[in-house]
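Asker: Sequence and predicted structure are below.
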Amino acid sequence: MKTAKIISIIGHPIFHPTWMMILLLLSGITRFTPGNDLTFLTITFSLTCLLPALVIVMLKKWHFIESYEMDERDDRLGPLFIMVLFLFVTLRFFNKMPLFSIYNFYLTTVIVTTILAFIITFFWKISLHALGWGCLTACLFLMTTISIRLYLLYFIGSIVISGIVAAARLKLKSHSNAQIYSGFAMGFATVIIVFFLTLF
């Protein structure tokens, strides 16, 4: 159970934008001087992880949410709204830089999936972990079609990690199979749909 908890924390979608930035920097697609790499990585981590996490801590302190696990659907609405705001600010920042086009597309899909999750949360408790991993995996799938040499291992790795994280969420009894599978499917499908919409 403790291992599943650790996997669930490490696999939380709040870290995904930072991981994607690291992946792009390592691949050389988005490459600047070492100093600038660290600057952009720090900005990404601050806007998409650190600051939203601090706001969520304050929401807990002010009793707007009952727990950080957000087991109740109502606990998810505030944090999801906060995430959309910070993701949009991040997208606006990187939109001014053409070399970040792949990352901007990824952020756009994350914003769309987060908004969908916000709407669905009014009616059902979909797995946010699976949703995030579906989104990330789909982006890596598209990137693999562009450069199989650079991204194939990342894509395969994302599939494996998605399964591990899903198993951990099931072990913790945080979600049902349906909530896990539908979350991953919706995240993956949303990315593909957004991609084809941008072609027209």
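Answerer: Nice, thanks for sending it over. Since the model is a prediction, treat every value here as computed from it, not as a measurement.
Asker: Please give the element, helix or strand, for Thr90.
Answerer: Using DSSP states H and E, the secondary-structure element containing Thr90 is helix 73-94.
Asker: Quick one: distance of that helix to the chain centre.
Answerer: Once both centres are worked out by Cα atoms, centre = their mean, to the nearest Å, helix 73-94 turns out to sit 11 Å from its chain's centre.
Asker: list the buried ones in the following helix or strand past it?
Answerer: Sequence order places helix 101-121 as the next helix or strand after helix 73-94, per DSSP H and E. Buried residues in helix 101-121, defined by neighbour count with 16 or more other Cβ atoms under 10 Å: 102-118, 120-121. All C-beta spots, glycine's among them, are computed from the backbone N, C-alpha and C.
Asker: swap in stretch 167-174?
Answerer: Within stretch 167-174, the residues that qualify as buried by neighbour count (16+ other Cβ under 10 Å) are Ala168, Arg169, Leu170, Ser174.
Asker: Output those in JSON lines; the columns should cover pLDDT and distance to Trp133.
Answerer: Rendered in JSON lines, the data for the buried residues of stretch 167-174 read as follows (pLDDT from 0 to 100; distance: Cβ to Cβ, whole Å):
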{"residue": "Ala168", "pLDDT": "93", "distance to Trp133": "11"}
{"residue": "Arg169", "pLDDT": "93", "distance to Trp133": "10"}
{"residue": "Leu170", "pLDDT": "92", "distance to Trp133": "14"}
{"residue": "Ser174", "pLDDT": "85", "distance to Trp133": "14"}
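Asker: Out of those, which comes closest to Phe184?
Answerer: Of all those, Phe184 sits closest to Arg169, with 10.8 Å by Cβ to Cβ.
Asker: can you list the weak-confidence ranges in this protein?
Answerer: Counting by pLDDT under 70, the chain has low-confidence residues at 28-35, 68-69, 71, 98-99.
Asker: So which residues of it form helices?
Answerer: Remark: helices assigned in the chain by DSSP state H are 2-10, 16-27, 34-45, 51-61, 73-94, 101-121, 128-146, 148-171, 177-198.
Asker: Columns distance to Ser67 on top of the ones you listed, output as a markdown table?
Answerer: Formatted as a markdown table, the helices of the chain follow (distance: least, Cβ to Cβ, whole Å):
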| stretch | distance to Ser67 |
| --- | --- |
| helix 2-10 | 13 |
| helix 16-27 | 22 |
| helix 34-45 | 24 |
| helix 51-61 | 7 |
| helix 73-94 | 7 |
| helix 101-121 | 15 |
| helix 128-146 | 14 |
| helix 148-171 | 15 |
| helix 177-198 | 18 |
